[in-house]
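K.L.:
predicted structure and sequence below. I'll ask about it afterward.
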Amino acid sequence: MSEISLRGLVKSFKGPSGPIEAVRGVDIEIAVGETVALLGPNGAGKSTTIDMLLGLLEPDAGAVSVFGRTPSDAVAAGAVGGMLQTGSLIRDLTVRELVAMMAALYPAPLAIDEVLELTGTAEIAAQRTQKLSGGQTQRVRAAVALVSNPELLVLDEPTVAMDVEGRRAFWRVMREFAARGKTIVFATHYLEEADAYADRAVLMAHGRIVADGPTNEIKAMVGSRTLRATLPGVELDVLERLAGVSAAERRGEAVVLTCSDSDAAIRALLAAHSAARDIEIVAAGLEQAFVALTGEDAELPPGVARVDVGARGADLAR
Amino acid sequence: MSGALTYTRYELLRTFRNRRFFILSLGFPLVLYFVIAGPNRNVHNLSGSGVSLPLYFMVGLASFGTMSAMLSSGARIASERAVGWNRQLRITPLQPRTYFRAKVLTAYAMALLSIALLYLAGASLGVSLSAGDWLEMTGLMLVGLIPFAALGIALGHMLTPDSIGPAMGGGVSLFALLGGTWFPLGNHGFLHDLAQFVPSYWLVQASHVALGGKPWSGTAWAVIAVWTAVLSSLAVRAYRRDTGRV
């Protein structure tokens, strides 16, 4: 029985050159206790979907139901808490006061001390909110979201401004919260995050859902790797027949092999072509995965950085 | 219910902790008052109005200071929106009623402080009224400020922190000028006739309690009521529309 449902959601905004269709028909059913990741590149429609889930935006078409209520009713009943994408804190309160102020608005908040402890903000509880570092601010924002003790916790790219350690600590807390039977929906453009912390991932691109399933399946689907090597004078169809290779491309002296199994592919490559050098194996970026899934380019606005999932120093040949 | 009180209490606390804002908004009208009324403390009948100069400008600058206090709640709202706090509040069970009440209360707390300081300053320059007159004058000013409370909230939800500065500065200057904060507008003429329809005029007119009789005509109450109705609905509409990312 799905307690949270988004059905046929459509939303467009006025743009400089005609309407921008941010969300073009999104259906998601979420059961109580599930942790669901909305996964997609920038501009996929994740934040717009989340705004509609929270009742901050009215859909042009479709309907949202949260525990059998409209989003605004669910919010008014204190069933929803969240951490929005952009956001800082209001000034002139201490961390503890700010958390207490937010707790006061909810019918069944968590104990302030428990939340400060949980989010690692206990030692900065007496500091004024305008004196915090970026990482501390993020932790306090997490505390503000958690203290409301909601049945549905919505997080819109919550870890964007966090460092690796902060990220790990943040998700540890969220996992603990989910273990209390709470429902969590979060948006992310990190495949790793969806894989590590969600039961299920909903892949979005161009305002549509392109895949929806358990995270390990989604990961297998989009988590292909690319092997790049300098190897002149070898025919592409020879390379394509190697074990673990699904496609091959030439870029000057180099070849780029898309691999279904990169371990098998590199063994086969070196066995057959020992001249191959400068070998790099990187996880395919989410964008590349989306291109594969949707069969079209991800149409990122200019200036938006492409995100390579799990790729260190990824220099994917373009 | 206690949640709403806690929320309001922290809103008040926050306002009073912003020391620079606090000192500037209370100090500026006070300094201006002493500059204008200090050297002219013996003018007992300003421009034939029957009101002494220290009394006239005490109320004039109180109206200036309190209008600023009301509109500065808008500046605080605009900066809260800029950091996304407004959206954060929208996903809590905070009722709009509680939110508005907290904003209006903090604005009125500042306004009352400003009035109290100017009264002390006035008394130091020889302003003396009966207890009843002080009370009536204060009551009228507090009523006359209602439209400005609504205007502050409306501007806060419509403007950005960058644009609200000039809007507030310009708005307060204009209302002060039309209200007669800087000089009495006389008993006839275009400015006088126009001022009848401006709420700040009636704020300044509160000083006429010293003359006996009623400082506010029926027109005054009607003008305040109409401005309140229009600006409140504007504020509510601005608040409702304001759920997007800023």
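P.N.:
Thanks, I have the structure now. Numbers count the residues shown, from 1 in each chain, chains lettered A, B, ... in the order given.
K.L.:
contact partners for the most centrally placed residue in chain B?
P.N.:
Nearest to the mean C-alpha position of chain B, by CA atoms, centre = their mean, lies B:M67 at 2.4 Å. Listed by CB atoms under 8 Å, 6 or more residues apart in numbering or on different chains, the contact set of B:M67 reads B:L145, B:F148, B:V172, B:F175, B:A176, B:S200, B:L203. For glycine as for every other residue, the C-beta is placed from the backbone atoms N, C-alpha and C.
K.L.:
quick one: residues in contact with the helix or strand hosting B:L177.
P.N.:
Element membership for B:L177, per DSSP states H and E: helix B:161-179. Contact partners of helix B:161-179, identified using CB under 8 Å, 6+ apart, comprise B:60, B:63-64, B:67-68, B:71-72, B:74-75, B:78-79, B:82, B:148, B:151, B:155-156, B:159, B:182, B:191, B:194-195, B:198-204.
K.L.:
using the three-state scheme, assign A:T226.
P.N.:
Recorded secondary structure, A:T226: strand (DSSP: H, G, I helix; E, B strand; the rest coil).
K.L.:
I meant B:I36, not that one.
P.N.:
helix.
K.L.:
that one touches B:F57, doesn't it?
P.N.:
Yes: in this structure, B:I36 is within contact of B:F57 by CB atoms under 8 Å, at 5.2 Å.
K.L.:
these two: who's more crowded?
P.N.:
With neighbours defined as other CB atoms under 10 Å in any protein chain shown, B:I36 and B:F57 compare such that B:F57 has more, 34 against 18.
K.L.:
leaving out sequence neighbours, find the closest residue to the more buried one.
P.N.:
Nearest residue to B:F57, sequence neighbours excluded (CB to CB, 6 or more residues apart in numbering or on different chains): B:A37, at 4.6 Å.
K.L.:
so the one you found touches B:V59, yeah?
P.N.:
No: with contact defined as CB under 8 Å, B:A37 does not reach B:V59; the gap is 11.0 Å.
K.L.:
about what we covered before: distance from the chain centre to the helix holding B:L177, please.
P.N.:
The chain centroid and the centroid of helix B:161-179 are separated by 12 Å under CA atoms, centre = their mean, to the nearest Å.
K.L.:
just the CA coordinates of it, formatted as CSV?
P.N.:
Output in CSV follows, covering the C-alpha atoms of helix B:161-179 (Å, rounded to 0.1, in the frame of the first residue of the first chain):
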residue,chain,number,x,y,z
PRO,B,161,17.3,42.5,0.3
ASP,B,162,19.0,44.7,-2.3
SER,B,163,15.9,46.5,-3.4
ILE,B,164,14.1,46.8,-0.1
GLY,B,165,16.6,49.3,1.2
PRO,B,166,15.7,52.0,-1.3
ALA,B,167,12.0,51.0,-1.2
MET,B,168,12.0,51.5,2.6
GLY,B,169,14.1,54.7,2.6
GLY,B,170,12.0,56.2,-0.2
GLY,B,171,8.7,55.0,1.3
VAL,B,172,9.4,56.4,4.8
SER,B,173,10.6,59.7,3.4
LEU,B,174,7.6,60.1,1.2
PHE,B,175,5.1,59.2,4.0
ALA,B,176,7.0,61.4,6.4
LEU,B,177,6.9,64.4,4.0
LEU,B,178,3.2,63.9,3.2
GLY,B,179,2.4,63.3,6.9
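K.L.:
residues in contact with the helix or strand following that helix: which ones?
P.N.:
Per DSSP H and E, the first helix or strand lying C-terminal to helix B:161-179 is helix B:190-195. Helix B:190-195 has contacts (CB under 8 Å, 6+ apart) with B:L178, B:G179, B:G180, B:L185, B:G186, B:Y201.
K.L.:
what average pLDDT does helix B:190-195 get?
P.N.:
Averaged over helix B:190-195, pLDDT sits at 85.
K.L.:
if we can go back for a sec, list buried residues within the contacts of helix B:190-195.
P.N.:
Among the contacts of helix B:190-195, those buried by neighbour count (16 or more other CB atoms under 10 Å in any protein chain shown) are B:L178, B:G179, B:G180, B:L185, B:Y201.
K.L.:
from chain A, how far off is the second one?
P.N.:
Relative to chain A, B:G179 is positioned 31 Å away (CB to the nearest CB, to the nearest Å).
K.L.:
enumerate every residue touching the residue nearest to that residue when sequence neighbours are not counted.
P.N.:
Leaving aside its chain neighbours, B:G179 sits nearest to B:S200 (2.9 Å; criterion: CB to CB, 6+ apart). Applying CB under 8 Å, 6+ apart to B:S200 gives the contacts B:S63, B:M67, B:G144, B:F175, B:A176, B:L178, B:G179, B:T181.
K.L.:
quick check: closest non-adjacent residue to residue 198.
P.N.:
In the absence of a named chain, this looks at chain A. Per CB to CB, 6+ apart, closest to A:A198 is A:A37, 3.7 Å.
K.L.:
hm, I was asking about chain B
P.N.:
Using CB to CB, 6+ apart, the closest residue to B:V198 is B:L178 (4.5 Å).
K.L.:
kindly report the same for B:Y99.
P.N.:
According to CB to CB, 6+ apart, the nearest residue to B:Y99 is B:L89 (6.9 Å).
K.L.:
quick check: mean pLDDT of the helix holding B:L177?
P.N.:
Rounded mean pLDDT across helix B:161-179 is 90.
K.L.:
mind listing what's buried in it?
P.N.:
For helix B:161-179, by 16+ other CB under 10 Å, it's B:P161, B:I164, B:A167, B:M168, B:G171, B:V172, B:F175, B:A176, B:L177, B:L178, B:G179.
K.L.:
which one among those gets closest to A:T159?
P.N.:
Closest approach between those and A:T159, by CB to CB: B:P161, at 27.2 Å.
K.L.:
what separates that closest one from B:L155, distance-wise?
P.N.:
For B:P161, the distance to B:L155 equals 11 Å [CB to CB, to the nearest Å].
K.L.:
quickly list what's touching both of those two.
P.N.:
Residues touching both B:P161 and B:L155 (CB under 8 Å, 6+ apart): B:A78.
K.L.:
what's B:Q205 in contact with, if anything?
P.N.:
B:L140, B:G180, B:P215, B:W216, B:A220.
K.L.:
give me that answer again for 6 Å
P.N.:
By CB atoms under 6 Å, 6 or more residues apart in numbering or on different chains, the contact set of B:Q205 is B:P215.
K.L.:
tell me the pLDDT of it.
P.N.:
B:Q205 is assigned a predicted lDDT (pLDDT) of 86.
K.L.:
now for chain A, the helix or strand with the poorest mean pLDDT.
P.N.:
Least confident helix or strand, chain A: helix A:286-294 with a mean of 63, by mean pLDDT, DSSP states H and E.
K.L.:
how many other residues sit next to residue 207?
P.N.:
You didn't pick a chain, so chain A it is. When neighbours are counted by other CB under 10 Å, A:G207 registers 23.
K.L.:
nope, chain B
P.N.:
Per other CB under 10 Å, the neighbour tally for B:S207 reads 30.
K.L.:
which residue packs closest to it, ignoring adjacent ones?
P.N.:
Nearest non-adjacent residue to B:S207, counting by CB to CB, 6+ apart: B:V59, 3.6 Å away.
K.L.:
and the gap between the one you found and B:Q205?
P.N.:
Distance, B:V59 to B:Q205, by CB to CB: 8 Å.
K.L.:
could you list the low-pLDDT ranges of the chain?
P.N.:
Chain wasn't specified; assuming chain A. Low-confidence segments of chain A, defined by pLDDT under 70: A:1-2, A:221-223, A:284-318.
K.L.:
try again with chain B
P.N.:
Across chain B, the ranges flagged by pLDDT under 70 are B:1, B:213, B:245-246.
K.L.:
ok, which residues in it are in contact with chain A?
P.N.:
B:3, B:6-7, B:10, B:14, B:17-18, B:80, B:83-85, B:87, B:90-94, B:243 (CB under 6 Å from any CB of the partner chain).
K.L.:
buried subset of the residues you listed, written for PyMOL?
P.N.:
In PyMOL syntax, the buried subset of the residues of chain B next to chain A is picked out as below (16+ other CB under 10 Å):
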select buried, chain B and resi 3+6+7+10+14+18+80+83+84+85+87+90+91+92+93+94+243
